[in-house]
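**Q** Structure of the sequence below:
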Amino acid sequence: MTCDEARILLHALLDNELDAGHAREVEAHIAGCPACAAELSAQREMQRVLADTNLRYTAPADLRARIEASLPQPQRQQPSRRSVLRGFAMGSAVSALAASGVIAVVLRQDDQQRILSEVVSAHLRSLQAGHLTDVVSTDQHTVKPWFNGKLDVAPPVIDLTAQGFTLVGGRLDYIDARAIGAVVYRRRQHVINLFVSQTASTEHRQPKTQTMQGFNCRRWGNRGLNFWAVSDLGADELAEFVDKFEAAMKANVEG
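**A** Numbering: from 1, shown residues only. Just a heads-up that it's a prediction; the model follows:
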């Protein structure tokens with residue numbers, strides 16, 4: 001493991017968010033690298049100082065009393081037997097109609113969380129030495145053709161070097177038990193994995209950011225493709241990457 005790879009995982013190690021295998025690799029590297037050991041010590045001290053600092057603000061009791069006093073007091077009225085029965089019947093009907101929809105939403109959310117977990121795990125695997133790229137090139141005209149014949153639809157590969165996001169290469173990965181393309185970028189020392197898979201839906205889904213195991217993941221859908229951009233970059237910079245990627249892809253289509 002290199003210093004760059006270890007530093008990417010230091011925050012996750014401190015927060016106990018690495019699996020046993022990755023934790024052992026980082027700890028083994030730190031044991032033989034004074035620079036990374038010093039960085040870990042500094043981050044651990046910062047974590048301790050923040051934990052010992054009381055950053056919570058407790059509102060005074062009289063503020064709660066004033067807020068409660070300003071709220072309108074509900075008028076209590078004894079319901080009639082007919083209104084109770086009518087409300088019960090309506091509630092039963094609504095519950096019956098909503099039950100299938102609620103179950104579908106819960107299952108859909110569970111499925112999205114499972115895939116998010118797989119995406120983050122794939123990102124972590126790629127950070128191991130020799131796993132980041134199958135094709136190494138900063139030329140989009142080299143990386144994109146490499147995917148031809150390996151996937152049903154090759155992922156869009158866009159050179160964003162001028163915008164501050166350097167194309168590194170690409171590889172095949174596996175999410176949800178199927179092969180998908182991963183296009184790799186760097187922002188300073190931070191790795192960005194852009195996972196791309198085909199979908200039957202052609203609707204545009206707005207980007208949404210979620211966090212898991214210390215990594216930010218920005219997911220969106222466009223033109224029959226699902227995208228997941230994963231990195232330890234801050235959420236603002238990852239959103240900037242997605243915005244620039246989307247703008248360049250739109251310009252390529254219109255051009």
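
**Q** Please make it C-alpha for all contacts and neighbour counts, starting now.
**A** Will do.

**Q** In this protein, which residue is most central in space?
**A** Compute the mean C-alpha point of the chain, and by Cα atoms, centre = their mean the closest residue is Cys217, 1.7 Å away.

**Q** give me every residue that touches it.
**A** Shown in contact with Cys217 (Cα atoms under 8 Å, 6 or more residues apart in numbering): Leu116, Val120, Thr209, Gln210, Thr211, Trp228, Ala229, Val230, Ser231.

**Q** do that again at 6 Å, thanks
**A** Contacts for Cys217 (Cα atoms under 6 Å, 6 or more residues apart in numbering) come out as Thr209, Gln210, Ala229, Val230.

**Q** Of those, which pair is most distant in space?
**A** Farthest apart among the contacts of Cys217 by Cα to Cα are Gln210 and Ala229. That separation is 10.5 Å.

**Q** who's more crowded, those two?
**A** Remark: of Gln210 and Ala229, Ala229 carries more neighbours, 27 against 13, as counted by other Cα atoms under 10 Å.

**Q** Confirm the more buried one sits in a strand?
**A** Yes. Counting by DSSP: H, G, I helix; E, B strand; the rest coil, Ala229 is part of a strand.

**Q** picking up where we left off before, what's the neighbour count on the residue nearest to the residue nearest to the centre of the chain when sequence neighbours are not counted?
**A** Closest residue to Cys217 apart from its sequence neighbours, by Cα to Cα, 6 or more residues apart in numbering: Val230 at 4.4 Å. Val230 has 28 neighbours, counted by other Cα under 10 Å.

**Q** any idea how far Ser70 is from Val230?
**A** To Ser70, Val230 is 46 Å away according to Cα to Cα, to the nearest Å.

**Q** if we can go back for a sec, of the contacts of Cys217, which is the nearest to Ile158?
**A** Ala229 (13.7 Å).

**Q** Can you say which helix or strand has Asp243 in it?
**A** Element membership for Asp243, per DSSP states H and E: helix 235-254.

**Q** list the buried ones in that helix?
**A** By neighbour count on 16 or more other Cα atoms under 10 Å, the buried set for helix 235-254 is Ala235, Leu238, Ala239, Phe241, Val242, Lys244, Phe245.

**Q** Do me a favour and average the pLDDT over it.
**A** Taken as a whole, helix 235-254 has a mean pLDDT of 89.

**Q** now it: how far from the chain's centre is it?
**A** The chain centre lies 16 Å from the centre of helix 235-254; the measure is Cα atoms, centre = their mean, to the nearest Å.

**Q** Check which helices and strands it sits against.
**A** Using 3 or more Cα pairs under 6 Å, 6 or more residues apart in numbering; DSSP states H and E as the contact definition, helix 235-254 packs against no other helix or strand.

**Q** Just the CA trace of it, in PDB.
**A** Provided in PDB are the C-alpha atoms of helix 235-254 (Å, rounded to 0.1, in the frame of the first residue of the first chain):
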ATOM      1  CA  ALA A 235     -19.600  16.800  -0.900                       C
ATOM      2  CA  ASP A 236     -19.200  20.300  -2.500                       C
ATOM      3  CA  GLU A 237     -16.300  19.200  -4.700                       C
ATOM      4  CA  LEU A 238     -17.900  15.900  -5.600                       C
ATOM      5  CA  ALA A 239     -21.000  17.900  -6.700                       C
ATOM      6  CA  GLU A 240     -18.800  20.100  -8.700                       C
ATOM      7  CA  PHE A 241     -17.300  17.100 -10.500                       C
ATOM      8  CA  VAL A 242     -20.800  15.800 -11.300                       C
ATOM      9  CA  ASP A 243     -21.900  19.200 -12.600                       C
ATOM     10  CA  LYS A 244     -18.900  19.500 -14.900                       C
ATOM     11  CA  PHE A 245     -19.300  15.900 -16.100                       C
ATOM     12  CA  GLU A 246     -23.000  16.400 -16.900                       C
ATOM     13  CA  ALA A 247     -22.300  19.700 -18.700                       C
ATOM     14  CA  ALA A 248     -19.500  18.200 -20.800                       C
ATOM     15  CA  MET A 249     -21.700  15.100 -21.600                       C
ATOM     16  CA  LYS A 250     -24.600  17.400 -22.700                       C
ATOM     17  CA  ALA A 251     -22.200  19.500 -24.800                       C
ATOM     18  CA  ASN A 252     -20.900  16.300 -26.500                       C
ATOM     19  CA  VAL A 253     -24.500  15.100 -27.300                       C
ATOM     20  CA  GLU A 254     -25.600  18.500 -28.700                       C
END
